[in-house]
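>>> got a predicted structure here, sequence first:
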Amino acid sequence: MDKNVVNIGWNFDNSYINLPDTLYTKAKLNPVSSPKLVILNKDLASDLGLNIDGLLSPKGVNILAGNRVPIGGDPISQAYAGHQFGHFTMLGDGRAILLGEHITPAGKRYDIQLKGSGRTIYSRGGDGRAALGPMLREYIISEAMHGLGIPSSRSLAVVETGEKVYRESPLAGAILTRVAESHIRVGTFQYISTFGSFEELKELADYTIERHFLHIKDEKTKYILFLREVVKRQAKLISKWQLVGFIHGVMNTDNVAISGQTIDYGPCAFMDVYNPKTVFSSIDRQGRYRYENQPIITVWNLFRFAESILPLLDEDQEEAMDIAEKCVEDFSQIYNELWKVGMRRKLGLFKEEYEDETIIVELLSLMKKHKADFTNTFRSLTLGEFCGMKLFDTEDFSGWRQKWEKRLKKEGKSKEEVFRLMKDNNPSIIPRNYLVEEALEAAVKDGDYSKLNRLVDTLSDPYGYSKEQEAFAKLPPEPKTPYRTFCGT
């Protein structure tokens with residue numbers, strides 16, 4: 001056996017490499033000098049059917065550091081394009097290597113990707129590396145999203161490389177092992193549509209349908225249904241983002257997964273004070289990807305996807321464009337319905353009544369007016385505890401509360417039933433920005449991972465409403481300056 005490979009339970013079946021090699025490039029590993037495993041997601045490792053002791057061993061750490069190829073692995077970097085802040089450009093995995101597709105004991109297929117693993121053919125002048133802080137941030141947020149029940153890539157491990165990366169200053173280098181249903185993006189289709197042939201576009205579409213939408217594989221209109229399915233999944237995903245105040249921060253088309261998972265956590269964060277215009281990303285100076293714009297931008301991104309598969313929708317271009325337009329326009333109706341259902345549940349409402357929309361809109365208006373915390377407003381409504389925020393002391397809120405309580409009586413449900421519904425839809429905790437920063441600072445500056453591990457453990461059950469969570473539910477300190485996040489590149 002080659003000394004550079006080791007079996008830790010990996011079960012690779014690499015189907016993506018059967019696609020045209022236009023879509024990827026075989027990748028060479030970029031070994032690092034002194035890899036050190038700093039965090040391992042043991043629950044995820046178990047779900048994947050991996051040997052935890054093996055992952056913790058020197059050989060296991062070397063796989064997670066990109067120093068060794070696991071048995072059955074076949075490293076590649078994927079090609080894709082994308083609209084970044086509205087401008088089309090050629091892209092690709094500039095700092096990531098896909099080790100292969102792992103099949104779990106339950107038969108599920110997942111991409112295993114190393115992020116920050118060094119230069120590839122798509123690096124465009126970059127060093128292909130990542131700093132420890134951003135990789136730990138992705139670990140925290142992606143696992144928090146999973147806990148919240150939001151489709152997301154997940155994080156298996158973070159390894160310090162023992163090497164420095166140079167940004168504004170020297171920083172500790174790190175590699176994240178990312179697990180996703182796939183890394184096929186809107187930008188993947190844009191790339192093959194722009195630089196490939198019709199046959200290659202069709203092959204990619206057929207592959208994606210078989211991998212993610214198997215139920216439409218044999219339908220005569222499968223490519224139209226494919227577009228409709230992608231629209232539905234994006235509507236479901238974005239409605240879930242909005243319902244918990246998550247802001248992705250960089251919704252470029254290369255960051256939109258066809259599977260409907262959240263991927264590429266860069267300048268992301270959760271909103272504290274409710275303000276629809278909230279933007280965190282330091283590079284989003286115009287607010288293109290602010291909270292209130294996320295559904296709108298998703299429609300824009302879906303039109304770019306539809307454009308890329310027009311030849312598959314109909315031989316007649318005008319007819320294809322008409323089909324695409326009708327499919328994408330369905331997003332708003334699907335999204336709005338999902339959002340309203342979600343908001344009703346957050347307010348303990350089981351069925352729909354004509355006055356519900358007014359009650360929802362009035363509450364959000366009051367939250368904005370009185371600068372109320374998004375998460376804790378709904379947490380307080382769930383618990384029936386109205387203290388700790390200025391909003392609750394206003395006549396405006398008293399009037400709204402009377403309308404809401406009157407509406408609740410129409411449901412004919414017990415207090416326990418209402419509480420259970422609200423509890424299941426209003427997280428008690430989120431990854432508060434100040435808590436994330438505290439955990440990152442302790443880990444990066446002091447090598448102390450206790451805060452980070454405790455935060456991640458607590459966020460794994462955000463609907464628990466346990467005593468232990470109360471410390472994490474406290475309102476954040478009044479910020480001296482607006483909170484800003486960065487891409488980490």
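Good, I have the coordinates.

>>> hey, let's count contacts and neighbours off CA atoms from now on
Noted.

>>> tell me how far stretch 281-292 lies from the chain's centre.
Offset of stretch 281-292 from its chain centre (CA atoms, centre = their mean, to the nearest Å): 17 Å.

>>> now do it: everything it contacts.
85, 242, 245-251, 267-268, 276-280, 297, 484-487 (CA atoms under 8 Å, 6 or more residues apart in numbering).

>>> and Ser239, how far from Glu362?
For Ser239, the distance to Glu362 (CA to CA, to the nearest Å) stands at 19 Å.

>>> can you pull out the low-pLDDT segments for the chain?
With pLDDT under 70 as the threshold, the chain has low-confidence stretches at 1-7, 480-484, 486-489.

>>> buried set for the longest strand along it?
Scanning the chain for the longest strand, with DSSP state E as the assignment, gives strand 154-166. For strand 154-166, the neighbour count (16 or more other CA atoms under 10 Å) marks Arg154, Ser155, Leu156, Ala157, Val158, Val159, Glu160, Thr161, Glu163, Lys164, Val165 as buried.

>>> from what I can see the last one touches Ala172, true?
Yes - counting by CA atoms under 8 Å, Val165 sits close enough to Ala172 to count as a contact (6.3 Å).

>>> intersection of neighbour lists for the two?
In contact with both Val165 and Ala172: Ala131, using CA under 8 Å, 6+ apart.

>>> burial measure for Glu203, as a count.
15 (other CA atoms under 10 Å).

>>> skipping adjacent residues, who's closest to it in space?
Nearest residue to Glu203 in three dimensions, chain neighbours excluded: Leu19, at 7.1 Å (CA to CA, 6 or more residues apart in numbering).

>>> how's this protein carved up into domains?
16-180, 186-344 (automatic domain parsing).

>>> next, the distance between the ends of the last one.
Across domain 186-344, the terminal residues are separated by 32 Å (CA to CA).

>>> same deal with stretch 95-112?
14 Å.

>>> what residues does that stretch touch?
10-15, 27, 47-49, 69-70, 72-78, 113-120, 123, 127-130, 177-183.

>>> at 6 Å what do you get?
With contact meaning CA atoms under 6 Å, 6 or more residues apart in numbering, stretch 95-112 is reached by 11-14, 48-49, 73-77, 113-119, 128-129, 178-182.

>>> for it, what is the distance to the chain centroid?
Using CA atoms, centre = their mean, the offset of stretch 95-112 from its chain centre is 17 Å.

>>> try stretch 300-319
Put simply, stretch 300-319 sits 26 Å off its chain's centre (CA atoms, centre = their mean).

>>> please save the CA atoms from it in CSV.
Extracted as CSV, the C-alpha positions of stretch 300-319 are listed here (Å, rounded to 0.1, in the frame of the first residue of the first chain):
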residue,chain,number,x,y,z
TRP,A,300,-31.6,37.9,-10.0
ASN,A,301,-29.4,34.9,-9.4
LEU,A,302,-32.0,32.5,-10.5
PHE,A,303,-32.5,34.4,-13.8
ARG,A,304,-28.7,34.0,-14.4
PHE,A,305,-29.2,30.2,-13.8
ALA,A,306,-32.2,30.1,-16.1
GLU,A,307,-30.2,31.9,-18.8
SER,A,308,-27.4,29.3,-18.6
ILE,A,309,-29.8,26.4,-19.3
LEU,A,310,-32.0,28.1,-22.0
PRO,A,311,-30.9,25.7,-24.7
LEU,A,312,-32.2,22.8,-22.7
LEU,A,313,-35.6,24.4,-22.0
ASP,A,314,-36.7,24.6,-25.7
GLU,A,315,-35.1,24.6,-29.1
ASP,A,316,-36.9,27.9,-29.8
GLN,A,317,-35.0,30.7,-28.0
GLU,A,318,-38.0,32.9,-27.5
GLU,A,319,-40.1,30.0,-26.1
